[in-house]
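K.L.:
sequence unknown, structure follows:
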Ligand code: ASP
């Protein structure tokens with residue numbers, strides 16, 4: 001029951017009335033005018049803003065609504081707090097109300113009793129008038145929002161209701177007039193949790209004497225089944241009696257007609273109640289609110305006003321029966337219908353309320369696309385000519401190095417030991433090859449404890465694949481089959497095959513990245529030969545000390561002004577964010593030879609301008625040439641960043657995410673879909689912090705045999721590894737594997753793993769290699785990233801049902817959570833002294 005924080009008796013009656021009047025107005029965002037002797041609609045507002053109320057509801061209420069300054073009213077209601085109570089007191093002078101103010105009253109009731117109210121209590125009033133009855137009926141129809149049993153005394157219709165929302169000024173419910181016919185007459189009886197008893201004409205009766213009951217939330221739980229999905233109704237079904245189950249998307253009460261949209265996972269359909277609809281069903285249709293759960297039965301008929309914007313727009317369901325299965329007991333944090341406040345709602349609020357967020361049609365579509373994509377990938381793998389078999393591998397396992405930190409699970413039974421969650425099933429899939437599985441796949445969950453970005457999650461899903469007796473071409477062919485099936489089956493886009501192949505070295509030289517976006521040019525080149533010993537000291541020194549000078553040309557250079565390129569300009573800033581000290585540039589004159597720009601730079605470059613223009617791809621008359629200088633990795637990083645920024649943000653050479661999606665939908669365009677393989681990665685890269693080599697891919701990748709036979713240095717070898725890149729995003733990657741112990745030992749040695757450590761960590765794999773391991777190789781696709789690209793989503797979080805935030809927390813469940821000291825003790829885990837366990841108190 002509502003906590004009563006206001007005095008019930010006495011109080012400044014006139015003030016009360018005004019306050020009430022205004023409160024109602026604010027709740028609805030609509031002017032509801034109550035008049036003395038006709039009806040009083042009162043709001044019990046917090047004392048803090050000085051409102052009081054009368055228990056009797058016989059107030060000298062005046063219609064001075066118009067005279068009260070709007071700002072003041074707004075302020076009063078802005079001050080209302082969570083749990084403020086509103087009181088509606090219909091009085092006995094019903095005639096005037098009925099004639100002049102009925103619709104206002106209806107609006108107020110409908111609004112107040114909408115989804116903003118969680119609890120209500122109906123009590124007193126001696127002789128119910130039509131107006132009281134109306135209040136009572138409206139209350140009864142919505143009383144399923146009450147938290148506990150509600151008492152309605154015979155002949156009394158004094159209504160109080162408690163707000164469940166903090167902010168009265170933003171009602172979720174729309175105004176919906178309460179139609180006359182639903183008004184029940186309260187006689188006597190007890191209203192249980194939402195149980196309404198009425199006689200056949202809709203009048204309320206004692207529940208003991210009720211012959212036909214109209215129940216909003218029946219006492220019994222029921223599990224009705226649908227005959228059709230709401231989104232599947234079409235003209236072919238006209239005349240059929242069907243049942244839909246789902247959520248109320250929208251409700252519109254037009255007096256004689258009540259329309260609702262019912263939504264489920266298949267879409268939405270309009271349902272309608274008219275004068276011929278049984279009263280009980282009609283009453284319920286009028287009562288329902290957004291996101292209530294219903295089962296409705298009716299006959300499909302052709303719609304008078306067709307709606308071409310939705311697939312079910314030609315038909316509607318004329319309702320014969322309505323069952324309310326559940327209601328909304330809290331205010332909705334955002335709108336679900338039509339994706340509501342999609343872009344306006346913060347991701348934090350969406351993740352906290354993920355259940356509702358996923359109910360939004362766009363998120364439902366993402367989940368569906370994800371499921372469809374996985375289905376399409378499985379179909380390719382299980383087809384006879386590929387004949388893959390899915391095998392599950394352990395989650396509680398030993399560390400599998402993929403370059404990230406492990407998630408550890410302390411063992412209770414083995415004090416001091418930990419399982420590691422798999423960073424990938426890499427070692428198991430290789431052992432399955434030794435086991436003779438031949439073609440393995442798994443939709444596998446992987447765990448990596450690393451810093452998160454929009455395309456990374458601590459746990460993510462891979463399509464993991466391994467094949468025995470195949471060369472690299474065999475694996476790339478499978479990769480293209482999979483990628484094409486995902487695009488074709490998922491969004492109807494045919495990717496051009498075969499995919500381009502580019503070596504790692506070329507990709508780094510031309511694009512400064514191992515995942516270049518090839519939807520646009522802006523290719524780079526190295527100018528070390530041309531500029532060695534240059535007059536421009538910065539260039540000469542960099543080359544002299546083993547660094548590089550690289551350049552890229554923007555053909556229509558005048559599209560980028562000098563102010564963007566000079567300090568504080570946005571292009572300059574990108575270079576700096578990429579790690580560069582600055583951004584040197586020159587402009588090529590109309591003659592294709594004369595250079596314009598910084599004096600020293602132009603003077604130094606002018607003598608070699610002809611070669612410069614010839615060397616830099618796309619340079620020519622009117623172009624702008626940008627330079628990067630320094631050690632190779634940081635120069636690449638900075639120029640890659642500048643290249644992408646210019647293409648996307650300055651010259652708009654690629655469509656933004658939403659246009660990309662549109663591109664997909666209309667069958668796509670080659671420029672929107674640049675898929676390529678990057679091959680011949682180096683085996684190792686240097687970890688400068690630890691001054692040692694690390695495997696660039698993972699240490700089970702085979703070295704290119706041409707680089708290591710005949711005494712070649714394995715540390716300088718290329719790997720037989722490949723990545724699949726789509727529009728600048730790495731979608732997957734893999735390698736041919738080492739399948740002999742002696743070679744595996746050499747790689748462990750190269751990365752500084754002692755024989756003892758190698759044996760301890762990976763002895764089981766090397767032992768397996770000694771039992772006749774077949775040559776094999778494989779790859780893995782990042783399912784989340786792939787679906788993100790297909791959906792045109794901005795983040796992988798939008799295609800994962802329950803993702804984590806950048807700090808690896810789940811806002812819905814609040815994981816990770818604190819555990820008790822006893823649990824830690826069980827796991828033989830001791831806390832550092834400085835760590836206080838917030839649960840420790842509970843344990844005492
Ligand atoms: N295990 C690798 C990864 O997770 C993929 C592979 O080499 O098959 O990146």
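P.N.:
Everything's here; your move. Keep in mind it's a predicted model, so treat the numbers as computed, not measured.

K.L.:
separation between the one residue in the stretch 151-300 of the chain that gets nearest to the ligand and residue 486?
P.N.:
In the stretch 151-300 of the chain, no residue comes nearer to the ligand than residue 265, which is 32.2 Å away by Cβ to the nearest ligand atom. For glycine as for every other residue, the C-beta is placed from the backbone atoms N, C-alpha and C. Look at residue 265 and residue 486: by Cβ to Cβ, to the nearest Å, they are 22 Å apart.

K.L.:
Tell me which of the two has more neighbours.
P.N.:
The neighbour count for residue 265 versus residue 486, taken as other Cβ atoms under 10 Å, is higher for residue 486 (27 against 14).

K.L.:
Help me confirm that the more buried one is found in a strand?
P.N.:
No. Going by DSSP: H, G, I helix; E, B strand; the rest coil, the assignment for residue 486 is helix, not a strand.

K.L.:
ok so, going back, pretty sure the residue of the stretch 151-300 of the chain closest to the ligand is in contact with residue 229, am I right?
P.N.:
Yes. With contact defined as Cβ atoms under 8 Å, residue 265 reaches residue 229; the gap is 7.1 Å.

K.L.:
can you tell me which residues contact residue 346?
P.N.:
If you count contacts by Cβ atoms under 8 Å, 6 or more residues apart in numbering, residue 346 has none.

K.L.:
confidence score at it?
P.N.:
pLDDT for residue 346: 93.

K.L.:
which phi and psi does it have?
P.N.:
Per-residue torsions, residue 346: phi -70, psi 150 (degrees, to the nearest 10).

K.L.:
tell me the mean pLDDT for stretch 583-591?
P.N.:
Here the average pLDDT along stretch 583-591 is 97.

K.L.:
so how far is that stretch off the chain centroid?
P.N.:
Counting by Cα atoms, centre = their mean, to the nearest Å, stretch 583-591 is centred 45 Å from the centre of its parent chain.

K.L.:
ok, now stretch 283-299?
P.N.:
Going by Cα atoms, centre = their mean, where stretch 283-299 is centred and where its chain is centred differ by 28 Å.

K.L.:
Quote the end-to-end distance of that stretch.
P.N.:
By Cα to Cα, to the nearest Å, the extent of stretch 283-299 from end to end equals 18 Å.

K.L.:
hang on, residue 509 in a strand?
P.N.:
No. Under three-state DSSP, residue 509 sits outside any strand and is assigned helix.

K.L.:
residues from the chain in reach of the ligand?
P.N.:
Contact residues, the chain versus the ligand (Cβ under 6 Å from any ligand atom): 402, 424, 426, 733, 734, 735, 778, 779, 780.

K.L.:
Next step: these restricted to strands.
P.N.:
When the residues of the chain next to the ligand are checked against strands (DSSP state E), the matches are 733, 734, 735, 778, 779, 780.

K.L.:
Which strand residues bridge the first one?
P.N.:
Looking back up the chat, that one is residue 733. Note on residue 733: beta-bridge partners by DSSP bridges are residue 723, residue 780.

K.L.:
Now do the contacts for it.
P.N.:
697, 721, 722, 723, 724, 779, 780.

K.L.:
And for the fourth one?
P.N.:
The contact partners of residue 778, by Cβ under 8 Å, 6+ apart, come to 429, 440, 464, 465, 466, 467, 475, 734, 735, 737.

K.L.:
hey, where'd the strands end up in the stretch 601-750 of the chain?
P.N.:
624-630, 675-679, 684-687, 692-695, 721-726, 729-736 (DSSP state E, counting those that start in this stretch).

K.L.:
Among those, which comes closest to residue 286?
P.N.:
Residue 286 lies closest, by Cβ to Cβ, to one member of these: strand 729-736, at 50.2 Å.

K.L.:
in that closest one, what counts as buried?
P.N.:
For strand 729-736, burial by neighbour count (16 or more other Cβ atoms under 10 Å) applies to 730, 731, 732, 733, 734, 735, 736.

K.L.:
got it, and stretch 699-706?
P.N.:
Using 16+ other Cβ under 10 Å as the test for burial, stretch 699-706 gives 699, 700, 701, 702, 703, 704.

K.L.:
Of those, which is the nearest to residue 549?
P.N.:
For those, the nearest to residue 549 is residue 704 (29.3 Å; Cβ to Cβ).

K.L.:
Do me a favour and average the pLDDT over the helix or strand hosting residue 243.
P.N.:
Under the criterion of DSSP states H and E, residue 243 resides in strand 241-253. Across strand 241-253, the average pLDDT comes to 96.

K.L.:
Show me what that strand is packed up against.
P.N.:
Under the contact criterion of 3 or more Cβ pairs under 8 Å, 6 or more residues apart in numbering; DSSP states H and E, strand 241-253 touches strand 258-264, strand 267-273, helix 279-287, strand 293-302, strand 315-326.

K.L.:
for the one helix or strand residue 377 maps to, which positions count as buried?
P.N.:
Element membership for residue 377 (DSSP H and E) is helix 361-382. Residues 361, 363-364, 366-367, 369-370, 372-374, 376-378, 380-381 are the ones in helix 361-382 that count as buried (16+ other Cβ under 10 Å).

K.L.:
what does stretch 542-560 give?
P.N.:
The neighbour-count check on stretch 542-560 (16+ other Cβ under 10 Å) flags 542-543, 547-555, 557, 560 as buried.

K.L.:
ok, now stretch 473-484?
P.N.:
Of the residues in stretch 473-484, 475, 476, 478, 479, 480, 481, 482, 483, 484 count as buried by neighbour count, 16+ other Cβ under 10 Å.

K.L.:
can I assume residue 692 is in contact with residue 751?
P.N.:
Yes. The pair residue 692 / residue 751 is scored as a contact, 6.9 Å apart, by Cβ under 8 Å.

K.L.:
who's more crowded, the two?
P.N.:
residue 751 (17 against 13).

K.L.:
Quick one: residues contacting that one.
P.N.:
684, 692, 693, 694, 695, 699.

K.L.:
Select from those the entry with the lowest predicted confidence.
P.N.:
Lowest pLDDT of the contacts of residue 751: residue 692, 92.

K.L.:
ok, it - contacts?
P.N.:
Neighbour list for residue 692: 686, 751, 752 [criterion: Cβ under 8 Å, 6+ apart].

K.L.:
Dump these to JSON lines, plus pLDDT.
P.N.:
Shown next, in JSON lines, are the contacts of residue 692 (pLDDT from 0 to 100):
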{"residue": "686", "pLDDT": "93"}
{"residue": "751", "pLDDT": "96"}
{"residue": "752", "pLDDT": "95"}
